[in-house]
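J.: take a look and give me a structure for this.
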Amino acid sequence: MVSWADKHVLVTGGSSGTGLAAAEIAASRGAHVSIVARDVARLEVARESVSAARVSDVQHITAHSADVASWEAVEDAVRGAEQAAGPVDILVTCAGYCYPARFLEMPIEEFAGQIGVNLLGTIYAARAVAPGMVARGSGHIAMVSSLGGLVGVYGYSAYSPGKYGVIGFAEVLRSEMKPHGVGVSVVCPPNIDTPGYAREVAVEPPETARVNGSTKAVPPREIALLLVDAVDRGRFMVVPGFTNALLGRVNGLAPEVLRAFTDTQVAAARKEVAEDAS
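T.: Down below sits the predicted model:
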């Protein structure tokens, strides 16, 4: 079990959802916490919430505005956080978003946007803290991928590539960091019950809704606790929920079975749309 007391925990996407929940948990365990996100107003509200969760007034709770898809912005945010609270001991990357649409209808800028935030945002944050961790011979990097990073989902042509990439990056980073005493974890949750997910549901194609109907949205704190537990136990990959873990296994061992299932779901959704239109 890792002692979080006096550790410096930096959380990207820390102004809401899983990131905010993870930051609050870290603060409740005695850590100094730095949260990174774009929206300054939401960051301040989140900082106050994280501060309320701390167990001592000596804990540093800071907020840093940055677009995680920009290396320069991430580097500046990390340096600012380290000036306030010391070297980062634990990095938790929660920044991410999804705009679902059919591939031929997806705004072209969304491919760079989603891959930039979901994948490069993870890589940039890790790159900013890893040299210090390696030099000290300790640290942990915990990342959020997605069930959509294990299984390709209709409508996720801009989202799944980034989340698949996070898993590939985590695999490489685990291997490279292990000799230096730095741990790596990646959690692959299903849909998380956040305002961002509500926005996704409002615009997703009916085929996406049909496929996603087989998975249940989970509270962000539940995923945050899994992230913390992964750090505590030194676990590499966590896929929450028996059904979700099974989906990941089936896609790896017998992908044709899962493809047949999703094709059936897509066909059913398209039939319903056609019937409603007639």
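
J.: rest of the way, CA atoms for contacts and neighbours
T.: Will do.

J.: can you give me the offset of stretch 220-235 from its chain's centre?
T.: Relative to its chain's centre, stretch 220-235 lies at 12 Å (C-alpha atoms, centre = their mean, to the nearest Å).

J.: whoops, stretch 49-64 was the one
T.: 22 Å.

J.: in that stretch, what's buried?
T.: 49, 50, 51, 53, 54, 59, 60, 61, 62, 63, 64 (16 or more other C-alpha atoms under 10 Å).

J.: for the third one, what are its contacts?
T.: Shown here is residue 51, whose contacts under the criterion C-alpha atoms under 8 Å, 6 or more residues apart in numbering are 24, 27, 61.

J.: just the second one next, same as before
T.: Residues touching residue 50, when contacts are defined by C-alpha under 8 Å, 6+ apart, comprise 20, 23, 24, 27, 33, 61.

J.: for whichever strand or helix holds the fifth one, what does the pLDDT average out to?
T.: Going back to what we said before, that points to residue 33. Assessed by DSSP states H and E, residue 33 sits inside strand 32-37. Per-residue pLDDT over strand 32-37 has a mean of 98.

J.: repeat that for stretch 184-194.
T.: Taken as a whole, stretch 184-194 carries a mean pLDDT of 94.

J.: got a list of contacts for that stretch?
T.: Outside stretch 184-194, the residues touching it (C-alpha under 8 Å, 6+ apart) are 17, 140-150, 167, 170, 173-174, 177, 197, 215-220, 223, 226-227, 230-231, 234-240, 244.

J.: please redo it, this time with the cut-off set to 6 Å
T.: 17, 140-147, 174, 217-220, 236-240 (C-alpha atoms under 6 Å, 6 or more residues apart in numbering).

J.: re the thing from before, list the helices and strands the strand holding residue 33 packs on?
T.: Here strand 32-37 touches strand 8-12, strand 61-65, going by 3 or more C-alpha pairs under 6 Å, 6 or more residues apart in numbering; DSSP states H and E.
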